[in-house]
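S.K.: sequence first, then the predicted structure:
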Amino acid sequence: VAEARRGHAVALIGSGDAGVYAMASPALAEASDDIDVVGVPGVTAALAAGAILGAPLGHDHVSISLSDLHTPWEVIERRVRAAAEADIVVTFYNPRSRGRDWQLPKALAVLAGHREPTTPVGVVRNASRPDESSRLTTLAGLDPATVDMMTVVTVGNTATREIAGRMVTPRGYRWQEEPK
């Protein structure tokens with residue numbers, strides 16, 4: 001922002017989408033109407049991971065950052081609880097770091113109070129990068145120690161299923177319902 005105010009052309013580049021847990025928000029908060037800002041959309045980690053996993057975001061879903069560096073844990077936990085009670089698919093960003101290793105187990109415990117232990121969970125590390133990895137597990141089977149800051153964790157809702165090795169959250173179309 002300071003360089004732009006000096007008249008320089010500036011590019012702020014990051015991975016994913018700059019508007020999702022990235023630098024667009026702080027840059028725009030600092031910039032005023034004297035700086036022309038152009039946002040270029042990217043692919044968020046949740047969407048990239050969703051495509052890798054199958055279709056876990058096929059119905060209502062939410063992304064929640066587990067980093068309590070800028071948001072108090074009480075607020076984060078309230079958001080996780082609301083998503084759990086509303087039966088919404090949840091993708092966790094910033095799930096675990098060396099200095100923050102207790103938030104993911106705590107968030108999973110909140111979800112476990114509203115979902116079966118067999119609920120599908122997708123874990124994607126470095127989505128859309130050469131060293132990408134992914135795996136499907138369950139709410140009971142996820143080992144938080146296998147997750148880091150380059151990982152997003154997607155926890156299904158009560159309708160989410162593993163179908164042919166893919167994580168799928170049905171849209172709930174009436175024509176897909178079984179005949180009665």
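M.R.: Right, received. Where do you want to start?

S.K.: only C-alpha atoms from now on, for both contacts and neighbour counts.
M.R.: Fine.

S.K.: give me the residues contacting the lengthiest helix in the chain.
M.R.: Of all the segments of type helix in the chain, defined by DSSP state H, the longest one is helix 73-85. Contact with helix 73-85 is made by Val62, Ile64, Ser65, Leu66, Asp68, Val89, Val90, Ala107, Val110, Leu111, His114, Arg115, as judged by CA atoms under 8 Å, 6 or more residues apart in numbering.

S.K.: out of the residues you listed, who's nearest Gly172?
M.R.: Nearest to Gly172 out of the contacts of helix 73-85 is Val89 (CA to CA; 13.8 Å).

S.K.: any idea of the pLDDT on the closest one?
M.R.: The per-residue pLDDT reported for Val89 equals 98.

S.K.: check which residues of stretch 141-154 are buried.
M.R.: Leu142, Pro144, Val147, Asp148, Met150, Thr151, Val152, Val153, Thr154 (16 or more other CA atoms under 10 Å).

S.K.: equivalent analysis for stretch 15-22, please.
M.R.: Gly16, Asp17, Ala18, Gly19, Val20, Tyr21.

S.K.: could you do stretch 108-118 as well?
M.R.: Buried residues in stretch 108-118 (16+ other CA under 10 Å): Leu108, Val110, Leu111, Ala112, His114, Arg115.

S.K.: which SSE is the first one in?
M.R.: Secondary-structure assignment from DSSP states H and E places Leu108 in helix 103-112.

S.K.: about what we covered before: in CSV: the buried residues of stretch 141-154, plus pLDDT and secondary structure.
M.R.: Compiled in CSV, those are given as follows (pLDDT from 0 to 100; DSSP: H, G, I helix; E, B strand; the rest coil):
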residue, pLDDT, secondary structure
Leu142, 97, coil
Pro144, 96, helix
Val147, 96, coil
Asp148, 95, coil
Met150, 93, coil
Thr151, 96, strand
Val152, 96, strand
Val153, 98, strand
Thr154, 98, strand
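
S.K.: in JSON lines: those residues, plus distance to Ala27.
M.R.: Output for these, formatted as JSON lines (distance: CA to CA, whole Å):
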{"residue": "Leu142", "distance to Ala27": "36"}
{"residue": "Pro144", "distance to Ala27": "32"}
{"residue": "Val147", "distance to Ala27": "29"}
{"residue": "Asp148", "distance to Ala27": "26"}
{"residue": "Met150", "distance to Ala27": "22"}
{"residue": "Thr151", "distance to Ala27": "24"}
{"residue": "Val152", "distance to Ala27": "24"}
{"residue": "Val153", "distance to Ala27": "27"}
{"residue": "Thr154", "distance to Ala27": "28"}
